[in-house]
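[1] predicted model and sequence below, questions to follow.
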Amino acid sequence: MRACGMDFGTSNSAVSLPVSAGGVTLAACEDNHGTLPTALFYPATAAANAPPLVGRQAQKLFFEGEEGRFMRSLKRLLGTSLMTQNTVVNGKPRGFDRIIGDFMQHLKTKAEAAAGGTLDAVVIGRPVHFVDGDSAGDSAAERQLAAIAKSCGFKDCTFEFEPIAAAFAHEQRVAQEKLALVIDIGGGTSDFTVIKICADYSRKKERREDILASHGIRTGGNDFDKQLSLAAFMPLMGYRGSYGDKNLTVPLAPFHDMSEWSKINFLYTPHMRREIADILKASHAPEKLARFAAILEHETGHKLLGTVEDTKIALTAALQTESPLDFIERGLCAPVSRGDFNRAIAADMDDILNCMSACLADAQIGAGDIDIVILTGGPTETPLLQEAVRRHFPAAQISEDERMASVAIGLGHAAARRFL
């Protein structure tokens with residue numbers, strides 16, 4: 001039996017393959033890249049049953065203006081009511097399970113090319129909670145993902161918590177037992193695990209006794225994008241503006257949906273365009289709301305949110321940046337400081353740190369007991385989080401190795417233990 005580990009992420013994905021002598025390698029999912037953005041693009045000119053373009057190629061064609069349907073952050077739909085609905089792809093209805101299946105099929109095909117044969121089994125990473133406070137939705141999400149894996153040809157499918165998988169990847173280099181806290185912040189969730197790690201433990205078939213606690217929250221890097229968008233970009237588009245003789249507030253929901261990757265496409269409807277056009281006639285700041293109307297008309301919401309994401313990344317290193325928005329209006333730009341970003345995400349960061357503290361409490365340990373903090377996922381580069389981690393764990397080693405791939409690598413180790 002051949003098996004693999006699959007990290008189907010909100011923002012990025014990867015597949016790993018167990019190799020000889022207990023090692024794991026990443027399959028090349030896109031050109032020579034071991035990871036790829038979790039993005040799909042269905043060109044309008046493609047045949048009805050043609051597979052979509054994925055990853056960087058999907059992003060490139062869409063942002064260059066190619067006609068078609070672009071999607072990101074599909075993982076956030078799992079376990080929600082949207083998974084039972086169809087969406088329209090180039091004029092034809094298509095279920096989200098099929099769309100996610102198109103992406104997973106690409107990962108499986110690339111992994112099988114690297115493995116030199118059919119892959120029968122997979123260990124898929126999952127957050128501690130797909131949906132906060134909804135055990136039924138959480139169970140439904142796992143069932144949906146398992147069904148999609150089976151539809152792609154996997155005969156056996158099991159799951160592992162993503163922060164535990166990250167620990168499996170890191171422990172390969174740990175000679176003596178250490179108590180680790182894994183902080184795994186992805187696009188859609190933040191997950192934590194307190195676990196005993198050691199290279200010798202990687203040969204164990206059962207690891208339950210080593211795992212002290214796991215907690216998670218449905219807040220991640222995409223939420224940082226949303227908060228930054230609402231704080232620094234959407235006010236330029238008429239957010240929180242007013243209209244009419246009674247000084248009514250412009251509806252907030254469209255701006256919130258325009259700031260979420262998984263909801264942007266739902267705004268591109270004749271009804272929404274008419275609603276904004278009607279409000280625009282009585283707007284007290286028509287020059288701003290006209291920009292939002294233009295985004296709807298030209299369907300450039302993903303491009304705008306991509307600019308927001310680029311701004312977030314730039315503020316990891318810079319204290320100030322100016323983000324050009326010429327695709328909306330010539331000469332328009334959004335000046336944003338790191339302070340603006342920190343204030344925008346402060347509430348989300350508090351929720352994340354409270355979840356981390358709950359994980360430590362559940363493990364019945366204090367911050368001083370942690371030997372090593374493992375940071376995985378792109379959003380762990382956020383300066384506000386980095387400062388908080390170093391403040392909470394001044395004596396602990398901080399490990400940031402394989403930040404974007406440690407979950408996938410750990411899932412490969414889990415696949416080797418379970419199936420090989």
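    Arrived safely, thanks for sending.
[2] which parts of the stretch 201-350 of the chain are helices?
    Here the stretch 201-350 of the chain has its helices, by DSSP state H, counting those that start in this stretch, at 221-228, 253-257, 270-281, 286-298, 301-317, 338-362.
[3] pick the most buried one from those.
    Greatest average neighbour count among these goes to helix 221-228 (a mean of 24), per mean count of other C-beta atoms under 10 Å. Just so you know, the C-beta spots here come from the backbone N, C-alpha and C atoms, and that holds for glycine as well.
[4] follow-up on the earlier one: in TSV, list the helices of the stretch 201-350 of the chain along with mean pLDDT and distance to residue 193.
    Shown next, in TSV, are the helices of the stretch 201-350 of the chain (pLDDT from 0 to 100; distance: least, C-beta to C-beta, whole Å):
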stretch	mean pLDDT	distance to residue 193
helix 221-228	98	19
helix 253-257	98	31
helix 270-281	98	41
helix 286-298	97	40
helix 301-317	96	25
helix 338-362	98	7
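[5] just how off-centre is whichever strand or helix holds residue 98 within its chain?
    If you go by DSSP states H and E, residue 98 is part of helix 96-115. Relative to its chain's centre, helix 96-115 lies at 17 Å (C-alpha atoms, centre = their mean, to the nearest Å).
[6] show residues contacting it.
    2, 4, 6, 8, 13, 15, 17, 25, 27-30, 38, 40, 51-52, 54, 71, 74-75, 77-78, 82-83, 85-87, 89, 118-119, 122, 144-145, 147-149, 151-154 (C-beta atoms under 8 Å, 6 or more residues apart in numbering).
[7] and the angle from the helix or strand following it to helix 96-115?
    Heading C-terminal from helix 96-115, the first helix or strand you meet, by DSSP H and E, is strand 121-126. For strand 121-126 against helix 96-115, the angle by axes from the mean of the first three to the mean of the last three C-alpha atoms, to 10 degrees is 130 degrees.
[8] so what strands line up beside strand 121-126?
    strand 3-8 (parallel), strand 156-161 (parallel) (DSSP bridges).
[9] for residue 303, find the nearest of those.
    Evaluated with C-beta to C-beta, the strands paired with strand 121-126 place strand 3-8 nearest to residue 303, the distance being 24.5 Å.
[10] look up how far residue 258 lies from residue 229.
    Plainly put, residue 229 is 8 Å away from residue 258 if you go by C-beta to C-beta, to the nearest Å.
[11] the two - which one has more neighbours?
    Comparing residue 229 with residue 258 by other C-beta atoms under 10 Å, the one with more neighbours is residue 229, at 27 against 24.
[12] spatially nearest residue to that one (excluding sequence neighbours)?
    residue 259 (3.8 Å; C-beta to C-beta, 6 or more residues apart in numbering).
[13] the one you found reaches residue 223, doesn't it?
    No. Contact criterion C-beta atoms under 8 Å: residue 259 and residue 223 do not qualify, at 9.6 Å.
[14] which stretch of helix or strand covers the nearest residue to residue 205 once chain neighbours are set aside?
    Spatially, and ignoring its direct neighbours in sequence, residue 205 is nearest to residue 417 (5.9 Å; C-beta to C-beta, 6+ apart). Per DSSP H and E, residue 417 falls inside helix 406-419.
[15] that helix to strand 3-8, inter-axis angle?
    150 degrees.
[16] those helices in the stretch 1-150 of the chain, which residues are they?
    55-63, 96-115, 135-151.
[17] out of the ones you listed, which is closest to residue 274?
    Closest among the helices of the stretch 1-150 of the chain, using C-beta to C-beta: helix 55-63, at 25.4 Å.
[18] list the buried ones in the closest one?
    55, 57, 58, 59, 61, 62 (16 or more other C-beta atoms under 10 Å).
[19] wait, isn't the last one in contact with residue 56?
    No. Contact status for residue 62 versus residue 56: not in contact, 10.9 Å apart, counting by C-beta under 8 Å.
[20] residues near residue 186, how many?
    26.
[21] let me redo that: residue 84
    12.
[22] what of residue 364?
    10.
[23] got the contact list for it?
    Contacts of residue 364 by C-beta under 8 Å, 6+ apart are residue 212.
[24] the helix holding residue 98 versus helix 55-63: what angle between them?
    130 degrees.
[25] and the average pLDDT for helix 96-115 is what?
    Helix 96-115 carries an average pLDDT of 97.
[26] mind listing what's buried in it?
    96-97, 99-112, 114-115.
[27] please find the angle between the direction vectors of that helix and helix 135-151.
    Using the same axes, to 10 degrees: helix 96-115 against helix 135-151 is 50 degrees.
[28] can you name the residues in contact with the lowest-mean-pLDDT helix or strand in the chain?
    Least confident helix or strand, the chain: strand 86-89 with a mean of 87, by mean pLDDT, DSSP states H and E. The set of residues external to strand 86-89 that reach it, using C-beta under 8 Å, 6+ apart, is 42, 69, 93, 94, 95, 96, 99, 265.
[29] quick one: buried ones out of those residues?
    42, 69, 96, 99, 265.
[30] quick one: end-to-end distance for stretch 324-341.
    Start-to-end span of stretch 324-341 (C-alpha to C-alpha, to the nearest Å) is 17 Å.
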